[in-house]
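In: with the input below, show me the fold.
(chains A and B, ligands or ions: 5)
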Amino acid sequence: MGEPVIRVEHLKKSFRVKGSFLEKKQYVRAVNDVSFSIEKGETLGIVGESGCGKSTLGRTILKIYQPEEGHIYFEGTDLTDLSEKQMHPYRKKMQMIFQDPYASLNPRFTVGEMIAEPMEIYRMYGRKERMERVRELMEVVGLKPDHIQRYPHEFSGGQRQRIGIARTLALNPEFIVCDEPFSALDVSIQAQIINLLEKIQDEQKISYIVVAHNLNAVRHISHNIGVMYLGRLVEIGPAAKIYSEPLHPYTKALISSIPAADPNSAGMMDRVLLEGEVPSPINVPAGCPFSTRCKYCTEKCRERMPELAEADGRKVACVLFQS
Amino acid sequence: MDSLHRELLKVENLTVDFSTKQGTVHAVRGVSFQINTREIIGIVGESGSGKSVSMLAVMNLLAGNGQIVRGSIRFDGQELSAAGKKTKAEKRTHEKMMRDIRGREIGMVFQDPMTYLNPVLKIGTQMTEGIRKHMKCSRAEAHQRAVKLLEQVGIPSPEQRLKQYPYEFSGGMRQRIIIAAALACEPKLLIADEPTTALDVTVQAQILKLIEQSVKGMGVSALVITHDLGVVAELCDKIIIMYGGEIVEQGTVKEIFNETKHPYTKGLLESIEKVEGERTPLHYIPGTPPNLLLMNHGCTFCNRCDKAMKICREYKPAVTVFSEEHSCSCWLYCRDNAQQLVEEQEKERRDSHG
Ligand SMILES: Nc1ncnc2c1ncn2[C@@H]1O[C@H](COP(=O)(O)OP(=O)(O)OP(=O)(O)O)[C@@H](O)[C@H]1O
Ligand SMILES: Nc1ncnc2c1ncn2[C@@H]1O[C@H](COP(=O)(O)OP(=O)(O)OP(=O)(O)O)[C@@H](O)[C@H]1O
Ligand code: SF4
Ligand SMILES: [Mg+2]
Ligand SMILES: [Mg+2]
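Out: Numbers count the residues shown, from 1 in each chain, chains lettered A, B, ... in the order given. Ligands and ions are numbered 1, 2, ... in the order given. A predicted model of the protein is given here:
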């Protein structure tokens, strides 16, 4: 196998918290020492508590935020210190699908103009070929090419999400970060979008990072899953392994709280909720970030952050699984 | 109905139109439902089916181009519908009454938290102002209350967080702040539009528990709009299913899941991804949503329904009642009355034309 499409090493990103003059400077550690790689044509699903740094991770990999420490490699090239100008050719290959299909489309442009725009920016194809390509893309994402002259408000939420995807695909990207691509949509449209992303991946061998809170949807689309907690990657490995036998105590809690769409199953009131003090990303606990809420926590856990280590076909950062 | 559960909100025949350049959008078309005290109702339906607009109409918060054309909204003995309020003075007194009700008697969580948080004000300022507006208390007391509420919705370091601006929070944190603010004044009714979509399942469980505890403890009722059928199955007593501006089915959670009647509801339930999900294509409802600019004669779902019959395209199905709570509008269940229904609708059409 060649170089992975994306490889990140010890990635770090913090934000400064403004306090009054007298207080000492404080930081939110949004992404803390994260490393992984994604092969061609594969999906890495990222899950974790809200505020744990998933969006920040996606944005830092695309260099929307400049990483503070660590490296980002795209097909073996180190992007970390490239200038905006040097990034230009890579921006085309690395794209993002946003959560809100309403906000990300310009209401004054027709669908055709909107899908053509990225190709114009990168001066791809002549005018006539471009329009052909627009029609082709509309077909790929399941829109009627006859609707090329329509405006965004004339489409439903799911169709608008497809317009966004067609725009993203226009540049033939090799890697796409999808940040909550379906959470605003009803389940039937979610299913259509998942089918579409999978079909495109199988045909064009694109790699994805998919961030989503709907764990069933993430399971369906991902080959590998990374579980984040408080800026750290605490478990990563094949989706089937992580869902059937989660090892990290946080992953266990997460997988067990998936609500069943079935009123006959045990209800929420019977479910074990995470107890203990929710740690703040402003004052990250020393040692394991999950130690304040973990029922297996020992003295050792509070002393040092456990390293990600191989265990049963995946990697886990927990003292219970260190050799 | 026992004394614990008395009627709190009763919406009848609510009809909302928007005027646009393309014509009149008939977004909500004769919606009727009721919520009792200490009850949690879930509203589920297609994107664009009128869920948010119905709730905004209840709150008198429709966009400028929208209006309630018909219908009544009775809340705790008062009429809230602005239908028929024509003169400026009437509208002004009505809006004044609504301003007292919003926030204090009805707490709201909107679909997009960013639109309702002021981006240039610190979160703490926004929360304490809200609390002081509705509850007579000092600034320090309001601040204490805000800190406690943030803790309740699981936001750590609340003292520091109150000093931050909305953009400094993750999507899910903003949503939790809005929920905290909505519960701050202990309302009688909580209307929450997609309260947990931006939240992971563990925080979601925490928020659902908070809503449930408020209902059990403070005697709040809740109307929760969501796409997440898992949330509905766990949290709600009853479910309302909307499609194309209409309620197509409603009933208790068990009735909707175990004795599903409407073809749209069936399609929706079949589209849920299962955890075991392998990479086989998922089921979905083919076709496109109805054009809300048109008032079609038949069933709104007929162009996508795999059970559609000839009558479905030409006449509206009547509401068939299956139990005290469970009802559905679909021709599959009202064929026996077809002749009478067709005659009634023919007469209505003649009357409206002549
Ligand atoms: N521009 C910013 N300025 C300051 N702090 C930020 C900024 N963006 C994110 N943060 C902080 O970084 C942390 C991680 O935020 P991020 O948006 O990455 O979380 P997330 O995992 O995507 O959460 P969610 O699931 O709620 O979207 C949070 O504590 C947030 O408050
Ligand atoms: N101000 C407006 N002007 C014109 N049409 C509008 C306006 N507001 C809403 N609509 C239309 O009314 C219909 C119902 O919208 P609503 O926001 O209630 O949908 P929803 O069921 O909440 O969908 P979602 O699940 O996507 O939030 C939509 O077709 C929408 O385009
Ligand atoms: S009335 Fe006819 S078209 Fe409408 S849902 Fe029932 S069977 Fe389908
Ligand atoms: Mg995010
Ligand atoms: Mg809505």
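In: list the contacts of residue B:260.
Out: B:249, B:266, B:269 (Cβ atoms under 8 Å, 6 or more residues apart in numbering or on different chains). Every C-beta, even on glycine, is put in place using the N, C-alpha and C of the backbone.
In: how about a cut-off of 7 Å?
Out: B:266, B:269 (Cβ atoms under 7 Å, 6 or more residues apart in numbering or on different chains).
In: can you tell me how far it sits from residue B:245?
Out: 21 Å (Cβ to Cβ, to the nearest Å).
In: ok, now residue B:131?
Out: Computed as Cβ to Cβ, the residue B:131 to residue B:245 distance reads 36 Å.
In: what is the mean pLDDT for stretch A:151-171?
Out: In this model, stretch A:151-171 has a mean pLDDT of 83.
In: whoops, stretch A:78-96 was the one
Out: Mean per-residue pLDDT for stretch A:78-96: 93.
In: over to stretch B:59-75?
Out: Averaging the model's pLDDT scores along stretch B:59-75 yields 91.
In: tell me if it is near ligand 2.
Out: Yes. In terms of Cβ under 6 Å from any ligand atom, part of stretch B:59-75 sits within range of ligand 2, namely B:63, B:65, B:66.
In: what's the nearest residue to the first one if we skip its chain neighbours?
Out: Distances taken as Cβ to Cβ, 6 or more residues apart in numbering or on different chains place residue B:18 nearest to residue B:63, at 7.1 Å, with adjacent residues excluded.
In: mind checking which of residue B:131 and residue B:245 has more residues around it?
Out: Legend: neighbour count by other Cβ atoms under 10 Å in any protein chain shown for residue B:131 and residue B:245, higher for residue B:245 (25 against 22).
In: mind listing the residues bridging to the most centrally placed residue in chain A?
Out: Note on chain A: the residue nearest the mean C-alpha position is residue A:211, at 3.2 Å, using Cα atoms, centre = their mean. Assessed by DSSP bridges, residue A:211 has beta-bridge partners residue A:46, residue A:179.
In: who's in contact with it?
Out: The neighbours of residue A:211, taking Cβ under 7 Å, 6+ apart as the test, are A:46, A:54, A:55, A:58, A:178, A:179, A:180.
In: just those residues: which has the poorest pLDDT?
Out: residue A:180 (85).
In: just give me the neighbour total for it.
Out: As a burial measure, the neighbour count of residue A:180 was computed by other Cβ under 10 Å and equals 20.
In: show the contacting residues for residue B:70.
Out: Going by Cβ under 7 Å, 6+ apart, the list of residues near residue B:70 reads B:13, B:15, B:83.
In: identify, by residue count, the longest helix of the chain.
Out: In the absence of a named chain, chain A is used. Counting residues, the longest helix in chain A under DSSP state H turns out to be helix A:187-204.
In: should've been chain B
Out: Once chain B is assigned using DSSP H, the helix that runs over the most residues is helix B:201-218.
In: other residues contacting it?
Out: Taking Cβ under 7 Å, 6+ apart as the criterion, the residues outside helix B:201-218 that touch it are A:49-50, A:213, A:215, A:253-254, A:257-259, A:268, A:271, A:273-274, B:38, B:40, B:152-154, B:172, B:176, B:179, B:183, B:186, B:190, B:195-196, B:199, B:220-222, B:231, B:234-235.
In: and with 8 Å instead?
Out: A:49-50, A:213, A:215, A:253-254, A:257-259, A:268-269, A:271, A:273-274, B:38-40, B:152-154, B:172, B:176, B:179, B:183, B:186, B:190, B:192, B:195-196, B:199, B:220-222, B:224, B:231, B:234-235.
In: SS state for residue A:236?
Out: Classification of residue A:236 by DSSP: H, G, I helix; E, B strand; the rest coil places it in strand.
In: number of residues surrounding residue A:56?
Out: In terms of burial, residue A:56 registers 23 neighbours under the definition other Cβ under 10 Å.
In: tell me which element it falls in.
Out: helix A:54-61 (DSSP states H and E).
In: quick one: list the elements packing against that helix.
Out: Counting contacts by 3 or more Cβ pairs under 8 Å, 6 or more residues apart in numbering or on different chains; DSSP states H and E, helix A:54-61 is packed against strand A:6-17, strand A:26-38, strand A:43-48, strand A:175-179, strand A:207-211.
In: picking that back up, just how off-centre is the longest helix of chain B within its chain?
Out: Average the C-alpha atoms of helix B:201-218, do the same for its chain, and the two points are 18 Å apart (Cα atoms, centre = their mean, to the nearest Å).
In: lovely, talk soon.
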